[in-house]
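A.B. asks: What would the 3D arrangement of this be:
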Amino acid sequence: MTSTPTDQMLTRKEVQDMVRISCTTLYRWIEEGIFPSPVKYTSRCVRWRQSDVQNWINQSAQVAA
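C.D. replies: Predicted coordinates for the structure are as follows:
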C-alpha cells in the first residue's frame, strides 16, 4: 500500500501499543505474513505506515465479527 502525504510513520512501540501485542508476536506475525511489514530506513531503524496498521486493525475486526 502506498502512503498518503499525511500518513504518519509509527515506531515499533507505537505499533505494539495500538495492536496490544508483544515485540515477539509482532515480528512473528510479520514473518508469517499476518501483519504488514515495516518500511526499513536503516538496519536499525524501521517504521510502519499508520494507514497500513489501521487497515490491518479494521480488517481483523471484520473477520472477527
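A.B. asks: May I ask which helix or strand of this protein has the lowest mean pLDDT?
C.D. replies: Counting by mean pLDDT, DSSP states H and E, the chain has its least confident helix or strand at helix 50-64, which shows a mean of 92.
A.B. asks: Would you mark the buried spots in it?
C.D. replies: In terms of neighbour count (16 or more other Cβ atoms under 10 Å), helix 50-64 has its buried residues at 50, 51, 52, 53, 56. Yep, even glycine has a C-beta here, placed from its N, CA and C like the rest.
A.B. asks: do you know how far the spatially most central residue of the chain is from residue 31?
C.D. replies: Central residue of the chain (Cα atoms, centre = their mean): residue 53, 4.2 Å from the mean position. According to Cβ to Cβ, to the nearest Å, residue 53 and residue 31 sit 17 Å apart.
A.B. asks: ditto for residue 8
C.D. replies: Relative to residue 31, and taking Cβ to Cβ, residue 8 is found at 24 Å.
A.B. asks: Please identify which of those two sits among more neighbours.
C.D. replies: The neighbour comparison of residue 8 against residue 31 (other Cβ atoms under 10 Å) goes to residue 8, with 13 against 10.
A.B. asks: tell me the phi and psi of that one?
C.D. replies: Main-chain dihedrals, residue 8, degrees, to the nearest 10: phi -80, psi 140.
A.B. asks: mind listing the strands in this structure by residue range?
C.D. replies: Using DSSP state E, the strands found in the chain span residues 9-10, 39-42, 45-49.
A.B. asks: Now residue 10: closest residue in space, sequence neighbours ignored.
C.D. replies: residue 48 (4.7 Å; Cβ to Cβ, 6 or more residues apart in numbering).
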